[in-house]
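**Student:** pasting the sequence and the predicted model now:
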Protein chains: 2
Amino acid sequence: MAAVQIAPVAARAGVAAGTVYRYFPGKADLVAALLAEISAREITALRRAADVAPGPLSALSAMITTFAVRALRDRRLIFAAIAEPVDADLDAERLKFRKAITVEFATRITAASAGGNLLPEQDSALAAAALLGLLVEGLVGPLAPNTASRERDVVQSLTLIALRALGVADARARGLVVQTALPV
Amino acid sequence: MAAVQIAPVAARAGVAAGTVYRYFPGKADLVAALLAEISAREITALRRAADVAPGPLSALSAMITTFAVRALRDRRLIFAAIAEPVDADLDAERLKFRKAITVEFATRITAASAGGNLLPEQDSALAAAALLGLLVEGLVGPLAPNTASRERDVVQSLTLIALRALGVADARARGLVVQTALPV
DNA sequence: GGAGATATTGAATCATGGTTCACTTGTTGT
DNA sequence: ACAACAAGTGAACCATGATTCAATATCTCC
């Protein structure tokens, strides 16, 4: 948030700084709009990935992998949008994003838990929050200096860890962890 | 970091703003010193908790619970110290803290994995990072408006989730998850 | 084509908050 | 007691970067 400055944004958009204020009341609103857009895009992607999966458990797995792959593609952006605190007004918007993702996760966790009976009873909201943190930290933390093919391993390992956390001990045996096309 | 202002800090310390600069070259150094102190304290606590445990797996479990309990006690502080990005110079110090915690976790994960043979083979560093994220998000995210006794449940649930993530499917059966004295 | 509305510009203004420093106050050693 | 030094003060200074606004350019429609 502090890294976003009006002048560079305006320059990149090919306009003068003052022009920004014809479209946004202030910097906070500008960033909020950006966040909302990112949020909508990511939620859509997660939902779509889950919807095309054959069953609730593999929907959950697909959602996890999708999140991981997309987070890797736009690491800085996603991390900033989810984890970086900002000033109070903005924070509300960022929490909305975080909440939306958590809700998606929680929904699928509940579904998989009830329908497939594959997970132990648990607090879906708490599990979803933990899942989000697990993924974000696992993706952003140790990957800073890396690129290329190791990313695929990380996505797989994290997916396995995540599924285990939710009570799926043998994800690989069930064919839940598939090779995913990684961003180029 | 942005929330730390020299004037209030000085006031709370009972000195004038200028006096701060007799002890610290600048704000960044002040916060860095604070971070270093917090880091040392937390690492010590984690290590102590693990050291008094009877075996490597219960050491890991104790470390997880200890982290959770302490993070709850100083939620804002710990969260800021681990997760909140700041400007470049400070960031180095914050990463040190995060790294230190991760290393502690990774060490115990490796020990438990090798010695007790209780966990599947895995990348300890990645697992440790994921573990940290899982705990932080699980503790900070959904607990914002809560207090009191539900905290105990959250610590237990998160510990179980964390251990499952690392491959311990039956932590409760093994008596690994103990009732912990929570901060008052 | 031109009047009026609308959009753009970018230099000036403003707010915030870290940092400095000339000065005052306290401490120490002889 | 007093000189020399150390510590503390807080108002003034400065840098940063968001915001404003009078001037200018562009568009729209009769």
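**Tutor:** Arrived safely. Residues are numbered from 1 along each chain as shown, chains lettered A, B, ... in the order given.
**Student:** after the helix or strand of chain A at the bottom of the mean pLDDT ranking, next one along is what?
**Tutor:** Within chain A, no helix or strand scores below helix A:75-83, which has a mean of 88 by mean pLDDT, DSSP states H and E. Moving toward the C-terminus from helix A:75-83, the next helix or strand (DSSP states H and E) is helix A:88-111.
**Student:** close to DNA strand D, is that next one?
**Tutor:** No: Helix A:88-111 is not in contact with DNA strand D by CB under 7 Å from any atom of the strand; minimum separation 10.0 Å. In this view, the C-beta of every residue, glycine as well, is placed from N, C-alpha and C.
**Student:** which secondary structure elements does that helix sit against?
**Tutor:** Helix A:88-111 is packed against helix A:27-51, helix A:56-73, helix A:75-83, helix A:124-140, with contacts defined by 3 or more CB pairs under 8 Å, 6 or more residues apart in numbering or on different chains; DSSP states H and E.
**Student:** ranking those by burial, who's on top?
**Tutor:** Stretch with highest mean neighbour count among those: helix A:124-140 (a mean of 26; mean count of other CB atoms under 10 Å in any protein chain shown).
**Student:** run through the residues that contact the residue nearest to the spatial centre of chain A.
**Tutor:** In chain A, the residue lying closest to the centroid (CA atoms, centre = their mean) is residue A:67, at 4.8 Å. Residues near residue A:67 by CB atoms under 8 Å, 6 or more residues apart in numbering or on different chains: A:42, A:46, A:101, A:135.
**Student:** what's residue A:110 in contact with, if anything?
**Tutor:** residue A:124.
**Student:** contact residues of chain A facing DNA strand D?
**Tutor:** Counting by CB under 7 Å from any atom of the strand, chain A sits next to DNA strand D at A:4-7, A:17-18, A:21, A:26-28.
**Student:** if you set the cut-off to 6 Å instead, what comes out?
**Tutor:** For chain A, the residues in contact with DNA strand D (CB under 6 Å from any atom of the strand) are A:5-7, A:17-18, A:21, A:26-27.
**Student:** how many other residues sit next to whichever residue of chain A sits closest to DNA strand C?
**Tutor:** Of all residues in chain A, residue A:18 sits closest to DNA strand C, at 1.7 Å by CB to the nearest atom of the strand. Other residues near residue A:18 number 9, with proximity taken as other CB atoms under 10 Å in any protein chain shown.
**Student:** measure residue A:15 to residue A:6 for me?
**Tutor:** In this view, residue A:15 and residue A:6 are 11 Å apart by CB to CB, to the nearest Å.
**Student:** joint contacts of these two?
**Tutor:** With CB under 8 Å, 6+ apart, residue A:15 and residue A:6 have no common neighbours.
**Student:** test my guess that residue A:46 contacts residue A:102.
**Tutor:** No: between residue A:46 and residue A:102 there is no contact under CB atoms under 8 Å: 11.0 Å.
**Student:** now find how far off-centre the least confident helix or strand of chain A is within its chain.
**Tutor:** Distance of helix A:75-83 from the chain centroid (CA atoms, centre = their mean, to the nearest Å) equals 8 Å.
**Student:** repeat for stretch A:125-145
**Tutor:** 9 Å.
**Student:** that older thread, redo the helices and strands packed on helix A:88-111 as a markdown table? Include distance to DNA strand C.
**Tutor:** Output for the helices and strands packed on helix A:88-111, formatted as a markdown table (distance: least, CB to the nearest atom of the strand, whole Å):
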| stretch | distance to DNA strand C |
| --- | --- |
| helix A:27-51 | 13 |
| helix A:56-73 | 31 |
| helix A:75-83 | 21 |
| helix A:124-140 | 27 |
